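[1] quick one, fold the following:
(2 chains)
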Amino acid sequence: MQEIIQYLFSGITTGAIYAVIAVGLSMLYSSTELINFAHGEFVMLGAMAIVTLWVHMALPLPLAFAGAVALGCCMGLLFERLAIRTARTPQPIVLVIITVGASIFLRGVAMIVWGKDPFSVPAFSRHDSIEIAGAALLPQSIWIVGAAVLLAGGIHFFLKKTLTGKAMVACAVNKKAAWLTGIPSEKMGILAFAVSTGSGAVAGIFIAPITMSSYDMGTMLGLKGFCAAMIGGLGSLWGAFAGGILLGVLESLGAGLISSGLKDAIAFILLLLILYICPGGLFSAKEAKRF
Amino acid sequence: MLRIKNLKCSYGSIVAVHGVSLSVKKGELISIIGANGAGKSTLLLAICGLLKNWEGEIVFQDKDLKGMSPPAIVRSGISMVPEGRQIFSPLSVMDNLKMGAYTMYRKGLKSQVEEDFDMVMEMFPILRERAHQLAGTLSGGEQQMLAIGRALMARPRLLVLDEPSMGLAPKIVEMIFNVITTLQSQGVTILLVEQNARAALKISHRGYVLETGKMVLQGSADELLVDDDVKRAYLGRDYGDFYDGRDA
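    The predicted model follows:
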């Protein structure tokens, strides 16, 4: 029993990270209909930036945090400007391949900048772990889950309640009609990239203290985030969030109760199952169509 | 108000519009009629900026529209109701209207937007009832009303409608055309593109007939309605009909 609670705690913690990554992916998808396979690299950038700014340069944590998020946003904007917008035939498949290329590029650059060694980051708050029913809950976990809920909630609020957010959704639904109503679609796409990659960087910052950060950490995290987004149903933010938590918990339970070698396989087995049984995802956005 | 001179549009090697000229004066209701593939929609795409590679001249209120982006053209006062409605189905009816007012919000004219909501809701009472429904759940006619309402939210000086009657029941078509005449009487200049030539000409001041990318005929609506060529080609009657002298 105690064991299972412990697995749940660690599962929810990693799940919250997956959730943030999935929400970023899903948000970009619902405003530009693009799946960004380089999203994991922005998570890596966030983690590596916090290593440099906080651990190496010893900046105050809030400043380092802001710096790392800003780096994520800026790289996202550069990526959009230099790779996505210059595509001569902006068909979905071309753009997806561009994102795959960009992820290899970003990983290469990170390897040159930060080297191949993994770094560790201390916990954000140095408190003792809290004991609940015999299982230890790390303060870092509370940070992570809190930040994840706040970020996903913020993005949800932005898309559903603000004029700019709704305009972003309108662009995704029908770009030409959005243009004809006077919404500058390009600007909306750029903004979506900045928000999405910035939230990826946030995920990286929060995962840094509970894992080792290295130049190649992004690939797996990006794929896990993609799995989570698919489980929840692409385009549905809360679906992506729930998918992330679910994936984290199942991974942790599977690794703990069956075999730790299965940890990464579980995500992909889940993805395959979802694609077979319920390709739209568990919580896919309801289609608002009459027929 | 709007002057088009010698407009040429092509898709690759296919020329869709060759050398079309037309003018719309302030307060007029002008219709452009023509069969499928005559180049009507292409002409409109060029006006609203969705089509970039055109030659010739499009001038709106002394402003050259060449190279302007669609949002900039909306800001300058041209709103278009696109063919096939193109509403934002996952957004609510209210939010669709809000999107139409996007340029107004950005200009900081919030109080005017509120007035415009009331104006549109009064024009189409059904939209008030359905204000919080998702737009995708509306019927075809309601969607067309929403599309017109959305275009009006930008307070256009020139309203361009592309096939507003397409696929709608006759009763709804009648209602939409009534709204168009009302708008015109309120001072909105209107450019109407229609396949339903008779209905369009009946409410218009002047008309243009487009055929395979060329302007073949122009004149007052009354002239066009009785023109034999127009009758034969677009008003749905064959030779026999008007040799008999019967009215359709």
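
[2] report the backbone C-alpha coordinates of the helix or strand hosting B:Ile180 in PDB.
    Counting by DSSP states H and E, the element that carries B:Ile180 is helix B:170-185. What follows is helix B:170-185 as a C-alpha-only set of coordinates in PDB (Å, rounded to 0.1, in the frame of the first residue of the first chain):
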ATOM      1  CA  PRO B 170     -36.300  30.200 -51.000                       C
ATOM      2  CA  LYS B 171     -37.900  31.700 -47.800                       C
ATOM      3  CA  ILE B 172     -34.500  32.300 -46.300                       C
ATOM      4  CA  VAL B 173     -33.100  33.600 -49.500                       C
ATOM      5  CA  GLU B 174     -35.900  36.200 -49.600                       C
ATOM      6  CA  MET B 175     -35.200  37.200 -46.000                       C
ATOM      7  CA  ILE B 176     -31.500  37.600 -46.700                       C
ATOM      8  CA  PHE B 177     -32.200  39.700 -49.800                       C
ATOM      9  CA  ASN B 178     -34.500  41.800 -47.700                       C
ATOM     10  CA  VAL B 179     -31.700  42.400 -45.200                       C
ATOM     11  CA  ILE B 180     -29.400  43.300 -48.100                       C
ATOM     12  CA  THR B 181     -31.800  46.000 -49.300                       C
ATOM     13  CA  THR B 182     -32.300  47.300 -45.800                       C
ATOM     14  CA  LEU B 183     -28.500  47.600 -45.400                       C
ATOM     15  CA  GLN B 184     -28.300  49.500 -48.600                       C
ATOM     16  CA  SER B 185     -31.000  51.900 -47.600                       C
END
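
[3] got the contact list for it?
    Defining contact as CB atoms under 8 Å, 6 or more residues apart in numbering or on different chains, one finds that helix B:170-185 is touched by B:27-29, B:123-124, B:140-141, B:144-145, B:148, B:152, B:159, B:161, B:164-165, B:168, B:190, B:192, B:196, B:199-200, B:202-203. For the C-beta atoms, the positions are set from N, CA and C on the backbone; glycine is no exception.

[4] pairing partners for the next helix or strand after it, with directions?
    Next in sequence after helix B:170-185, counting helices and strands by DSSP H and E, comes strand B:189-194. In the sheet, strand B:189-194 lines up against strand B:29-33 (parallel), strand B:158-162 (parallel) (DSSP bridges).

[5] isn't there a helix covering A:Phe124?
    No - counting by DSSP: H, G, I helix; E, B strand; the rest coil, A:Phe124 is located in no helix; its state is coil.

[6] returning to what we had before: the helix holding B:Ile180 - what's its average pLDDT?
    The pLDDT scores in helix B:170-185 average 91.

[7] now it against strand B:189-194, angle please.
    150 degrees (axes from the mean of the first three to the mean of the last three CA atoms, to 10 degrees).

[8] number of nearby residues for the residue lying closest to A:Lys175 once chain neighbours are set aside?
    Closest residue to A:Lys175 apart from its sequence neighbours, by CB to CB, 6 or more residues apart in numbering or on different chains: A:Ser185 at 5.2 Å. Using other CB atoms under 10 Å in any protein chain shown, A:Ser185 is surrounded by 23 other residues.

[9] next up, the contacts around A:Ser185.
    A:Ser185 touches A:Cys171, A:Lys175, A:Ala178, A:Trp179, counting by CB under 8 Å, 6+ apart.

[10] residues in contact with the last one?
    In this case it means A:Trp179. So A:Trp179 contacts A:Ser185, B:Gly49, B:Leu50, B:Ser69, B:Pro70, B:Pro71 (CB under 8 Å, 6+ apart).

[11] in which helix or strand does it reside?
    helix A:175-180.

[12] what's the following helix or strand after the helix or strand where B:Met104 lies?
    Taking DSSP H and E as the definition, B:Met104 sits inside helix B:102-106. Using DSSP H and E, the next helix or strand after helix B:102-106 towards the C-terminus is helix B:110-123.

[13] downstream of the helix holding A:Trp179, the next helix or strand is which one?
    Heading C-terminal from helix A:175-180 (DSSP H and E), you reach helix A:185-207.

[14] redo the strands paired with strand B:189-194 as JSON lines? Include distance to B:Met94.
    Formatted as JSON lines, the strands paired with strand B:189-194 follow (distance: least, CB to CB, whole Å):
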{"stretch": "strand B:29-33", "distance to B:Met94": "29"}
{"stretch": "strand B:158-162", "distance to B:Met94": "21"}
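
[15] B:Ile180 versus B:Ala221, what's the distance?
    In this structure, B:Ala221 and B:Ile180 are 13 Å apart, going by CB to CB, to the nearest Å.

[16] these two - which one has more neighbours?
    Taking other CB under 10 Å, B:Ala221 and B:Ile180 do not tie; B:Ile180 has more neighbours (25 against 17).

[17] how much space separates that one from chain A?
    B:Ile180 is 18 Å from chain A, where distance means CB to the nearest CB, to the nearest Å.

[18] surely B:Ser10 forms part of a strand?
    Yes - B:Ser10 forms part of a strand when assessed by three-state DSSP.

[19] pLDDT score assigned to it?
    Predicted confidence (pLDDT) at B:Ser10: the value is 86.

[20] before we move on, what SS does the closest residue to it other than its chain neighbours have?
    Spatial nearest neighbour of B:Ser10, excluding adjacent residues (CB to CB, 6+ apart): B:Ala16 at 6.2 Å. Here B:Ala16 is recorded as strand under three-state DSSP.
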